[in-house]
Each structure stands twice: as structure tokens, then as C-alpha cells.
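Asks: turn this into a structure:
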Amino acid sequence: MLGRLALAPVFLFIILTTLFVLLRVLPGDPVTAALAGRLSPAQIEERRQASGLDEPIYVQYLDYLTGVVRGDFGNAVTDPRAVTEIVLDLFPATFELTVFAMVLAVTLGVVLGAFGARHRDDPLDVGGRMFGILVYAAPVFWTGILAQLVFANRLNLLPTGNRIGARVPIGDLEITGFYLVDAVLRTNGEFFVDALTHLILPGITLGLVISGVFIRIVRVNMLQTLRADYVESARARGVGDSRVLFRHAFKNALVPVVTIMGLQFALLLGGAILTETTFSWPGLGSALVDFLNRRDYAAVQGIVTFFAVLVVIVSLLIDFVNGLVDPRVRY
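Replies: Residues are numbered from 1 along each chain as shown. This next block holds a predicted model:
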């Protein structure tokens, strides 16, 4: 584990350096790309100097790295707020959506995957595998539009987008930025129900897509574990099938599942862009698309840098959890 902790800064350094170089390869600079044609050359040059873009490239690079260490992800060109402030404002929405989707995906994956392994090649096992393939192959934006059409427009059961209804006075209720948590802290049932109903459609859309991965991973690892000698020995001693499945096989099949779970969670945080855009969800994904449309590459760099740091942290947590689940795992 200490080795992985030592390697984490190296991985992060490589990622940040690659990101810095890629954005500097683009023609021009962030200020010119975002504001050319809207400001005079003198005003653009003034903005460039204020952003430090007139400094040598190595000075910009060192400022970028030291800023990340301090938790400063730079300044947006088209937004008066610093990128760190934008992240703090919008990350709760993305995190709440990701957690909801991950809980749904893991629940479906574990239930359908374990059941499929227990009843291998039965019609329900085949149906579960087909379900996993279909939801994983379906484009998330298409699934989201279809869900809006059916459950919002036709059945009028759920809202089409946003995090909260217009009638909820969110300014008086928000504490942490996590609306479901804030609703519990405020003991406000109306706030909780409204936030949850707005979360259901985007959360299910994103969760269904990822559940296909877990169904396959859980099923394959459970099948391998069920063929192990200690499982056969437990059955020979008269241990019931349910106990063999969940007390013996499932725990030992959990290590690769936890690994995939952590990696998928990290990818969901940065990859919920299409879902947030489809449902007008005010998170970091939709903000990233907005900054790309504005050619505000300084803000794009800051948000992507934040996601890179987050992925490295989640990867370290995966290693730690794997060690708890299976003490035989060593890094």
C-alpha cells in the first residue's frame, strides 16, 4: 500500500503534465480563443497579462502545478468565478447523481449477476445477460431522451430535468449543496421528495448503462468461485446453496468487483456529461460542455484537472478497500 501511495503523485504528475501540454498545443491561447472578436486587441492583451499567459511556458507550467497543490485550479476566462469556486458550487450535483446511479448499478449487477451464476444458462440467466448487454450498448443520451418521452411527457410522472422545482425556495434550504442531505438536515419532506423526483430519471438512466458492466463482472467471478475446491467442500458437508453462494463464494468474488466498482465510480464522476446535458442537470459535466462551447480552455483545464485528482484519490481508496475485503491482497 505504501508503494501505491508513493506512486500516486507520479501518476498525477504525468496526467497533469499531459493535460497542460495538450491544451498548450492548441493554436492561440485561452484568452484569445474565448474572447477574440468580442474585445479589442488591447483588452485581450491586458487579460493575457492578468492570466499570466505572457510568461514563459515553463513559468506557466510551474504556476499550474503549484496551484493544483494549493487547491487552486486556475481562473475561467468567461466566468468571473475561479474554477475552484465553480467546482465547489457544481460538484455536489454531479456527486449526488453519481452516487444514485452507482447504487442502482451495483444493486442490479450484484442481484442479476449472482442469480445468473447460481442458475447458469436458465432462461432468467439468459434474460439477465441480454438485459446487461442491451443497457450497456444503448447510448446514454438516447436512453435519457426515451425516459423523458415516456415518464415525463406521456405519463407525466417525473420532471424532465433540473435538480429542483421552481416553487422550492432552495436559497433558504441549501446547506451543503447536496439536496437530499440538506432536506434531511432541514427535516423538510417536500424538499426531499421534490429533489428525489428530479434525481430519479437521470440517476436511473446513468445507472442502467453502468449496471451492464457489473452484471457481467459479478456473474463471471461468481462462476469461477463456485467451481473452487472450498465451495465443493462446503457443499459436500451439507451447507445449503444460499449459504454457499453468499457466505463463501460471493465474498471471494468481491475483490475484482470492488476494483471495477471504484473505477466505474471515478469514470461516472467525469463521464456524466451526456446525462447532465440531456436532463439539464446543473453539474460539472454540463458546465464542462458549456465552457467548451465558449472555448474557455482555462476553465476546461481546471475542471479536467479536478477530475484527474479525484480519479487518483478514488484509485487509492479502491486499493485500501480491496485490502480490507481480502487480506491476501498486497500492493
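
Asks: what about stretch 281-294, average pLDDT?
Replies: The average pLDDT for stretch 281-294 rounds to 86.

Asks: for stretch 96-115, same thing?
Replies: Rounded mean pLDDT across stretch 96-115 is 88.

Asks: send the alpha carbons of it over as CSV?
Replies: The C-alpha trace of stretch 96-115 is given here as CSV (Å, rounded to 0.1, in the frame of the first residue of the first chain):
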residue,chain,number,x,y,z
GLU,A,96,-25.3,13.2,-5.9
LEU,A,97,-26.2,12.0,-9.4
THR,A,98,-23.2,9.6,-9.5
VAL,A,99,-23.9,8.1,-6.1
PHE,A,100,-27.5,7.4,-7.0
ALA,A,101,-26.5,5.9,-10.3
MET,A,102,-23.8,3.8,-8.7
VAL,A,103,-26.1,2.4,-6.0
LEU,A,104,-28.6,1.4,-8.7
ALA,A,105,-25.9,-0.1,-10.9
VAL,A,106,-24.3,-2.1,-8.2
THR,A,107,-27.6,-3.4,-6.8
LEU,A,108,-28.8,-4.6,-10.3
GLY,A,109,-25.3,-6.0,-11.0
VAL,A,110,-25.0,-8.0,-7.8
VAL,A,111,-28.5,-9.3,-7.8
LEU,A,112,-28.7,-10.3,-11.5
GLY,A,113,-25.1,-11.4,-11.7
ALA,A,114,-25.2,-13.6,-8.6
PHE,A,115,-28.6,-15.0,-9.6
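
Asks: would you list the phi and psi of residue 222?
Replies: Backbone torsions of residue 222, given as degrees, to the nearest 10, read phi -70, psi -40.

Asks: measure how buried it is and give me the count.
Replies: Residues contacting residue 222 under the criterion other C-beta atoms under 10 Å number 25. (Glycine included, C-beta is placed from N, CA and C.)

Asks: and residue 257, what does it touch?
Replies: Residue 257 is in contact with 109-110, 214, 217-218, 221, counting by C-beta atoms under 8 Å, 6 or more residues apart in numbering.

Asks: per-residue pLDDT, it?
Replies: 74.

Asks: now it: which helix or strand?
Replies: helix 254-271 (DSSP states H and E).

Asks: name the next helix or strand downstream of that helix, please.
Replies: Remark: after helix 254-271, the chain's next helix or strand is helix 273-278, criterion DSSP H and E.

Asks: tell me which element residue 167 is part of?
Replies: Short version, using DSSP H and E: residue 167 is in no helix or strand.
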